[in-house]
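>>> 3D, please:
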Amino acid sequence: MNGEEVKRKDDGVAGGDGRIPQDLGDKFERLAQVMARLRSPDGCPWDLQQTPHTLARHILEEAYESVDAIDSGNWEHLCEELGDLMLQIVFQSRIAEELGRFDLAEVVDGITEKLERRHPHIFGKVAAETAEQVSINWERIKREEEGKETGVALPPGLPALMAARKVQGQAAREGFDWNDVEGVMDKLHEEMRELRQAQGGPQELVEREVGDLLFTVVNLARHLDVDPESALRTTSREFVRRYGLMEEEAERRGTDLASIPLAEKEELWRKAKQQNSGEGK
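Numbers count the residues shown, from 1 in each chain. This is a model prediction of the structure:
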(Lines give C-alpha, C1' and ligand atoms only; values in the text may rest on other atoms or scores of the structure.)
Protein backbone atom coordinates (compact mmCIF):
# COMPACT_ATOMS: atom_id res chain seq x y z
CA MET A 1 0.00 0.00 0.00
CA ASN A 2 1.48 3.35 -0.99
CA GLY A 3 1.41 6.60 0.93
CA GLU A 4 -1.51 8.02 -1.06
CA GLU A 5 -3.67 5.00 -0.25
CA VAL A 6 -2.79 5.32 3.44
CA LYS A 7 -3.68 9.00 3.38
CA ARG A 8 -7.06 8.28 1.83
CA LYS A 9 -7.86 5.72 4.49
CA ASP A 10 -6.81 8.15 7.22
CA ASP A 11 -9.03 10.81 5.68
CA GLY A 12 -11.97 8.45 6.01
CA VAL A 13 -12.65 8.27 2.27
CA ALA A 14 -11.92 4.56 1.87
CA GLY A 15 -13.66 3.65 5.12
CA GLY A 16 -16.89 5.44 4.21
CA ASP A 17 -17.32 6.89 7.73
CA GLY A 18 -18.72 10.19 6.49
CA ARG A 19 -15.56 12.27 6.82
CA ILE A 20 -14.12 14.21 3.89
CA PRO A 21 -10.54 15.32 3.12
CA GLN A 22 -9.69 18.40 5.17
CA ASP A 23 -8.30 20.28 2.17
CA LEU A 24 -11.23 19.55 -0.16
CA GLY A 25 -12.56 23.09 0.11
CA ASP A 26 -9.18 24.59 -0.79
CA LYS A 27 -8.82 22.28 -3.79
CA PHE A 28 -12.31 23.11 -5.06
CA GLU A 29 -11.64 26.83 -4.62
CA ARG A 30 -8.43 26.49 -6.61
CA LEU A 31 -10.34 24.86 -9.46
CA ALA A 32 -12.80 27.77 -9.49
CA GLN A 33 -9.90 30.24 -9.49
CA VAL A 34 -8.21 28.49 -12.44
CA MET A 35 -11.47 28.66 -14.38
CA ALA A 36 -11.87 32.35 -13.56
CA ARG A 37 -8.31 32.99 -14.79
CA LEU A 38 -8.98 31.18 -18.07
CA ARG A 39 -12.08 33.34 -18.60
CA SER A 40 -10.40 36.62 -17.63
CA PRO A 41 -9.89 39.27 -20.36
CA ASP A 42 -6.28 38.16 -20.87
CA GLY A 43 -7.11 34.49 -20.43
CA CYS A 44 -7.31 31.60 -22.91
CA PRO A 45 -8.71 32.63 -26.34
CA TRP A 46 -10.54 29.30 -26.75
CA ASP A 47 -12.13 29.41 -23.30
CA LEU A 48 -13.21 33.00 -23.86
CA GLN A 49 -15.04 32.03 -27.07
CA GLN A 50 -17.20 29.41 -25.36
CA THR A 51 -20.87 29.83 -24.53
CA PRO A 52 -23.33 27.57 -22.69
CA HIS A 53 -24.52 26.32 -26.08
CA THR A 54 -21.07 25.52 -27.50
CA LEU A 55 -20.21 23.63 -24.32
CA ALA A 56 -23.48 21.72 -24.04
CA ARG A 57 -22.36 18.70 -26.06
CA HIS A 58 -19.24 18.35 -23.89
CA ILE A 59 -21.42 17.66 -20.85
CA LEU A 60 -22.92 14.66 -22.61
CA GLU A 61 -19.57 13.50 -23.96
CA GLU A 62 -17.87 13.64 -20.56
CA ALA A 63 -20.83 11.94 -18.88
CA TYR A 64 -20.71 9.04 -21.34
CA GLU A 65 -16.93 8.79 -21.04
CA SER A 66 -17.36 8.59 -17.27
CA VAL A 67 -19.87 5.77 -17.69
CA ASP A 68 -17.46 3.97 -20.01
CA ALA A 69 -14.74 4.28 -17.38
CA ILE A 70 -17.09 2.77 -14.80
CA ASP A 71 -17.85 -0.13 -17.13
CA SER A 72 -14.14 -0.73 -17.68
CA GLY A 73 -13.47 -0.99 -13.95
CA ASN A 74 -10.48 1.35 -14.34
CA TRP A 75 -10.57 3.56 -11.23
CA GLU A 76 -7.69 5.78 -12.36
CA HIS A 77 -9.48 6.46 -15.65
CA LEU A 78 -12.75 7.12 -13.82
CA CYS A 79 -11.03 9.66 -11.57
CA GLU A 80 -9.80 11.51 -14.65
CA GLU A 81 -13.16 11.41 -16.42
CA LEU A 82 -15.05 12.65 -13.35
CA GLY A 83 -12.63 15.57 -13.29
CA ASP A 84 -13.46 16.33 -16.92
CA LEU A 85 -17.16 16.18 -16.09
CA MET A 86 -16.70 18.47 -13.09
CA LEU A 87 -14.89 20.94 -15.35
CA GLN A 88 -18.03 21.30 -17.45
CA ILE A 89 -20.07 22.19 -14.37
CA VAL A 90 -17.50 24.74 -13.22
CA PHE A 91 -17.19 26.15 -16.77
CA GLN A 92 -20.96 26.61 -17.19
CA SER A 93 -21.25 28.13 -13.72
CA ARG A 94 -18.47 30.62 -14.47
CA ILE A 95 -20.16 31.82 -17.64
CA ALA A 96 -23.47 32.13 -15.80
CA GLU A 97 -21.75 34.23 -13.12
CA GLU A 98 -20.32 36.53 -15.79
CA LEU A 99 -23.84 36.98 -17.17
CA GLY A 100 -25.21 37.73 -13.71
CA ARG A 101 -27.43 34.62 -13.62
CA PHE A 102 -25.95 32.49 -10.83
CA ASP A 103 -22.55 31.39 -9.57
CA LEU A 104 -20.84 28.16 -8.55
CA ALA A 105 -21.70 28.69 -4.89
CA GLU A 106 -25.40 28.74 -5.76
CA VAL A 107 -25.02 25.51 -7.72
CA VAL A 108 -23.37 23.83 -4.73
CA ASP A 109 -25.91 25.26 -2.26
CA GLY A 110 -28.79 24.21 -4.50
CA ILE A 111 -27.83 20.54 -4.76
CA THR A 112 -26.88 20.38 -1.06
CA GLU A 113 -30.25 21.74 0.00
CA LYS A 114 -32.04 19.43 -2.44
CA LEU A 115 -30.26 16.38 -1.03
CA GLU A 116 -31.29 17.36 2.49
CA ARG A 117 -34.91 18.03 1.49
CA ARG A 118 -35.26 14.77 -0.42
CA HIS A 119 -33.70 12.64 2.31
CA PRO A 120 -36.06 13.43 5.22
CA HIS A 121 -35.36 9.93 6.59
CA ILE A 122 -31.77 11.10 7.18
CA PHE A 123 -32.13 14.83 7.87
CA GLY A 124 -35.71 14.83 9.12
CA LYS A 125 -38.19 12.62 10.92
CA VAL A 126 -39.65 10.58 8.04
CA ALA A 127 -39.19 6.81 8.21
CA ALA A 128 -37.80 4.91 5.22
CA GLU A 129 -36.34 1.47 5.83
CA THR A 130 -35.86 0.29 2.24
CA ALA A 131 -34.45 1.70 -1.00
CA GLU A 132 -37.94 1.46 -2.53
CA GLN A 133 -39.42 3.63 0.23
CA VAL A 134 -36.63 6.15 -0.27
CA SER A 135 -37.35 6.28 -4.01
CA ILE A 136 -41.10 6.77 -3.39
CA ASN A 137 -40.41 9.62 -0.97
CA TRP A 138 -37.97 11.22 -3.42
CA GLU A 139 -40.50 11.24 -6.26
CA ARG A 140 -43.29 12.50 -4.00
CA ILE A 141 -41.18 15.39 -2.71
CA LYS A 142 -39.98 16.16 -6.25
CA ARG A 143 -43.62 16.34 -7.48
CA GLU A 144 -44.57 18.65 -4.65
CA GLU A 145 -41.61 20.94 -5.32
CA GLU A 146 -42.32 21.11 -9.04
CA GLY A 147 -46.07 21.46 -8.57
CA LYS A 148 -46.85 18.40 -10.68
CA GLU A 149 -50.07 16.50 -10.17
CA THR A 150 -49.08 13.43 -12.16
CA GLY A 151 -46.49 10.91 -11.04
CA VAL A 152 -45.41 10.07 -14.60
CA ALA A 153 -43.63 12.55 -16.84
CA LEU A 154 -41.14 12.26 -19.69
CA PRO A 155 -37.72 13.41 -18.45
CA PRO A 156 -36.27 16.04 -20.82
CA GLY A 157 -32.90 15.53 -22.43
CA LEU A 158 -32.32 11.87 -21.57
CA PRO A 159 -31.43 9.26 -24.21
CA ALA A 160 -34.50 7.28 -25.26
CA LEU A 161 -33.62 4.05 -23.41
CA MET A 162 -32.92 5.90 -20.17
CA ALA A 163 -36.08 8.00 -20.52
CA ALA A 164 -38.20 4.87 -21.10
CA ARG A 165 -36.79 3.19 -18.01
CA LYS A 166 -37.41 6.34 -15.97
CA VAL A 167 -41.03 6.61 -17.10
CA GLN A 168 -41.66 2.93 -16.39
CA GLY A 169 -40.15 3.26 -12.93
CA GLN A 170 -42.42 6.21 -12.20
CA ALA A 171 -45.48 4.24 -13.27
CA ALA A 172 -44.36 1.22 -11.22
CA ARG A 173 -44.14 3.34 -8.08
CA GLU A 174 -47.73 4.38 -8.75
CA GLY A 175 -48.74 0.70 -8.84
CA PHE A 176 -48.99 0.35 -12.65
CA ASP A 177 -46.69 -2.55 -13.47
CA TRP A 178 -46.56 -6.26 -14.25
CA ASN A 179 -46.46 -8.58 -11.27
CA ASP A 180 -43.68 -10.73 -12.70
CA VAL A 181 -41.27 -11.19 -15.60
CA GLU A 182 -43.55 -13.65 -17.38
CA GLY A 183 -46.12 -10.92 -17.96
CA VAL A 184 -43.50 -8.78 -19.65
CA MET A 185 -42.35 -11.76 -21.74
CA ASP A 186 -45.91 -12.29 -22.96
CA LYS A 187 -46.16 -8.60 -23.84
CA LEU A 188 -42.87 -8.83 -25.73
CA HIS A 189 -44.21 -11.66 -27.90
CA GLU A 190 -47.40 -9.67 -28.48
CA GLU A 191 -45.44 -6.64 -29.66
CA MET A 192 -43.36 -8.81 -32.02
CA ARG A 193 -46.55 -10.20 -33.58
CA GLU A 194 -47.93 -6.69 -34.03
CA LEU A 195 -44.69 -5.57 -35.67
CA ARG A 196 -44.84 -8.48 -38.13
CA GLN A 197 -48.42 -7.50 -38.99
CA ALA A 198 -47.38 -3.88 -39.50
CA GLN A 199 -44.65 -4.76 -42.01
CA GLY A 200 -45.54 -3.56 -45.49
CA GLY A 201 -47.94 -1.00 -44.07
CA PRO A 202 -47.49 2.73 -43.51
CA GLN A 203 -44.00 3.61 -42.27
CA GLU A 204 -45.51 5.60 -39.43
CA LEU A 205 -47.24 2.46 -38.15
CA VAL A 206 -44.05 0.39 -38.45
CA GLU A 207 -42.10 3.01 -36.51
CA ARG A 208 -44.74 3.06 -33.77
CA GLU A 209 -44.66 -0.73 -33.45
CA VAL A 210 -40.87 -0.74 -33.30
CA GLY A 211 -41.13 1.83 -30.52
CA ASP A 212 -43.62 -0.37 -28.64
CA LEU A 213 -41.25 -3.32 -28.98
CA LEU A 214 -38.26 -1.34 -27.71
CA PHE A 215 -40.31 0.05 -24.83
CA THR A 216 -41.27 -3.47 -23.81
CA VAL A 217 -37.66 -4.66 -24.03
CA VAL A 218 -36.69 -1.85 -21.66
CA ASN A 219 -39.46 -2.97 -19.32
CA LEU A 220 -38.15 -6.52 -19.46
CA ALA A 221 -34.65 -5.29 -18.62
CA ARG A 222 -36.05 -3.35 -15.66
CA HIS A 223 -37.80 -6.43 -14.31
CA LEU A 224 -34.59 -8.43 -14.69
CA ASP A 225 -32.68 -5.67 -12.86
CA VAL A 226 -30.59 -4.94 -15.96
CA ASP A 227 -29.67 -1.42 -17.10
CA PRO A 228 -30.71 -1.44 -20.80
CA GLU A 229 -28.33 1.40 -21.68
CA SER A 230 -25.37 -0.46 -20.19
CA ALA A 231 -26.44 -3.79 -21.69
CA LEU A 232 -26.77 -2.33 -25.18
CA ARG A 233 -23.46 -0.50 -24.86
CA THR A 234 -21.74 -3.76 -23.84
CA THR A 235 -23.29 -5.62 -26.78
CA SER A 236 -22.28 -2.86 -29.20
CA ARG A 237 -18.72 -2.97 -27.87
CA GLU A 238 -18.64 -6.75 -28.34
CA PHE A 239 -20.03 -6.42 -31.88
CA VAL A 240 -17.20 -4.03 -32.77
CA ARG A 241 -14.65 -6.48 -31.31
CA ARG A 242 -16.03 -9.42 -33.30
CA TYR A 243 -16.29 -7.40 -36.49
CA GLY A 244 -12.65 -6.41 -36.12
CA LEU A 245 -11.71 -10.09 -35.86
CA MET A 246 -13.67 -10.77 -39.04
CA GLU A 247 -11.76 -8.03 -40.86
CA GLU A 248 -8.45 -9.42 -39.63
CA GLU A 249 -9.34 -12.92 -40.86
CA ALA A 250 -10.43 -11.59 -44.25
CA GLU A 251 -7.14 -9.73 -44.56
CA ARG A 252 -5.23 -12.94 -43.75
CA ARG A 253 -7.10 -14.57 -46.62
CA GLY A 254 -5.92 -11.86 -48.97
CA THR A 255 -9.25 -10.13 -49.45
CA ASP A 256 -11.48 -7.52 -47.83
CA LEU A 257 -14.55 -8.30 -45.76
CA ALA A 258 -16.97 -6.37 -47.98
CA SER A 259 -16.24 -8.60 -51.00
CA ILE A 260 -16.81 -11.89 -49.17
CA PRO A 261 -20.16 -13.65 -49.80
CA LEU A 262 -22.71 -13.46 -46.97
CA ALA A 263 -22.44 -17.16 -46.14
CA GLU A 264 -18.70 -16.79 -45.64
CA LYS A 265 -19.23 -13.68 -43.53
CA GLU A 266 -21.53 -15.68 -41.27
CA GLU A 267 -18.82 -18.34 -40.92
CA LEU A 268 -16.31 -15.68 -39.92
CA TRP A 269 -18.83 -14.25 -37.48
CA ARG A 270 -19.29 -17.61 -35.76
CA LYS A 271 -15.52 -17.98 -35.41
CA ALA A 272 -15.17 -14.46 -34.05
CA LYS A 273 -17.96 -15.12 -31.58
CA GLN A 274 -16.14 -18.17 -30.26
CA GLN A 275 -12.76 -16.46 -30.01
CA ASN A 276 -11.95 -15.20 -26.50
CA SER A 277 -15.53 -15.74 -25.38
CA GLY A 278 -16.10 -19.48 -25.23
CA GLU A 279 -19.46 -19.02 -26.96
CA GLY A 280 -20.80 -21.40 -29.54
CA LYS A 281 -18.71 -24.33 -28.34
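>>> Flag every buried residue along the helix or strand harbouring residue 33.
Assigning secondary structure by DSSP states H and E places residue 33 in helix 24-38. Under the neighbour-count criterion of 16 or more other Cβ atoms under 10 Å, helix 24-38 has 32, 35 buried. Using the backbone N, CA and C atoms, a C-beta is placed for each residue, glycine as well.
>>> Mind giving me the packing neighbours of that helix?
Counting contacts by 3 or more Cβ pairs under 8 Å, 6 or more residues apart in numbering; DSSP states H and E, helix 24-38 is packed against helix 75-98.
>>> And the helix it packs on, how far out from the chain middle?
Centre-to-centre, helix 75-98 and its host chain are 16 Å apart (Cα atoms, centre = their mean, to the nearest Å).
>>> now swap in stretch 125-138 and tell me
In terms of Cα atoms, centre = their mean, the centre of stretch 125-138 is found 23 Å from the chain centre.
>>> The chain should start at 6 in everything you say after this.
Got it, first residue is 6 now, which makes that one stretch 130-143.
>>> tell me which residues of it are tucked away?
Those would be 133, 139, 142-143, for stretch 130-143 by 16+ other Cβ under 10 Å.
>>> So what touches it?
123-126, 174, 178 (Cβ atoms under 8 Å, 6 or more residues apart in numbering).
>>> how long is it from one end to the other?
End-to-end distance of stretch 130-143 (Cα to Cα, to the nearest Å): 14 Å.
>>> pLDDT averaged over that stretch, what's the number?
Mean per-residue pLDDT for stretch 130-143: 84.
>>> what does stretch 147-158 give?
The model assigns stretch 147-158 a mean pLDDT of 76.
>>> quick one: it to chain centroid distance?
Its chain's C-alpha centre and that of stretch 147-158 lie 23 Å apart, by Cα atoms, centre = their mean.
>>> Buried residues, that stretch. List them.
Buried, per 16+ other Cβ under 10 Å, within stretch 147-158: 156-157.
>>> Over to stretch 58-76?
Of the residues in stretch 58-76, 63-64, 67, 70-72, 74 count as buried by neighbour count, 16+ other Cβ under 10 Å.
>>> ok, now stretch 187-200?
By 16+ other Cβ under 10 Å, the buried positions in stretch 187-200 come out as 189, 192-193, 196, 200.
>>> Among those residues, which lie within helices?
Among those, the members falling in helices (DSSP state H) are 189, 192-193, 196, 200.
>>> With pLDDT and distance to residue 254 as extra columns, can I get these in TSV?
Output for those, formatted as TSV (pLDDT from 0 to 100; distance: Cβ to Cβ, whole Å):
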residue	pLDDT	distance to residue 254
189	96	39
192	97	40
193	96	35
196	97	37
200	97	34
